[in-house]
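> 3D, please:
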Amino acid sequence: MNELETRYQNLPCQQSYAKLLGILVNLDLALLILTFAIYSFGLIDPLLPIKELTAAWGLPAGDYIARTGGITGWGWALKLNYGDYIPFIGIAFLASNSMICYAIAGGMTLRRGRFVIGFNIVLDFAVSFLAASDLLHNLH
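Numbering: from 1, shown residues only. The predicted model follows:
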């Protein structure tokens, strides 16, 4: 081991974060493939048939939503009985990976008495959670 390798070793919480993130990403990849296959093979009927979807592709987002009855925000979670909304499950889990890892790394860091890093992790987790939850959408 050279001087740089011994001087800059990852903290245990960083190693746990990376290991867990690797596992979660692989699970999410499998979930994305599975849910896309369900949609692609038509195992569950879509809310918007493919023929109607292709006719609306070129529309601006607002027009697309108005024409197709599309869902915004977290409304997709209420439409999981439709094949075209099933892949959103994998996307949502993929997007939450960092949050899960932050929660674990933050706890590990605080338990080890590293309060500055732990506070930064907890603050980052809180901001990410608020942004993802859409709880603050009426404040602007």
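> what sits against residue 70?
Contacts here follow CB atoms under 8 Å, 6 or more residues apart in numbering; on that basis residue 70 touches 48, 64. Backbone N, C-alpha and C define where each C-beta goes, glycine included.
> before we move on, what SS does it have?
Under DSSP: H, G, I helix; E, B strand; the rest coil, the three-state class of residue 70 is coil.
> give me the phi and psi for it.
phi -60, psi 160 (degrees, to the nearest 10).
> quick one: it and residue 7, what's the gap?
When distance is defined by CB to CB, to the nearest Å, residue 70 is 53 Å away from residue 7.
> which parts of this protein are helices?
3-7, 12-40, 50-56, 61-68, 87-111, 115-133 (DSSP state H).
> mind putting those into TSV with mean neighbour count?
Shown next, in TSV, are the helices of the chain (neighbours: other CB atoms under 10 Å):
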stretch	mean neighbour count
helix 3-7	8
helix 12-40	14
helix 50-56	11
helix 61-68	12
helix 87-111	17
helix 115-133	14
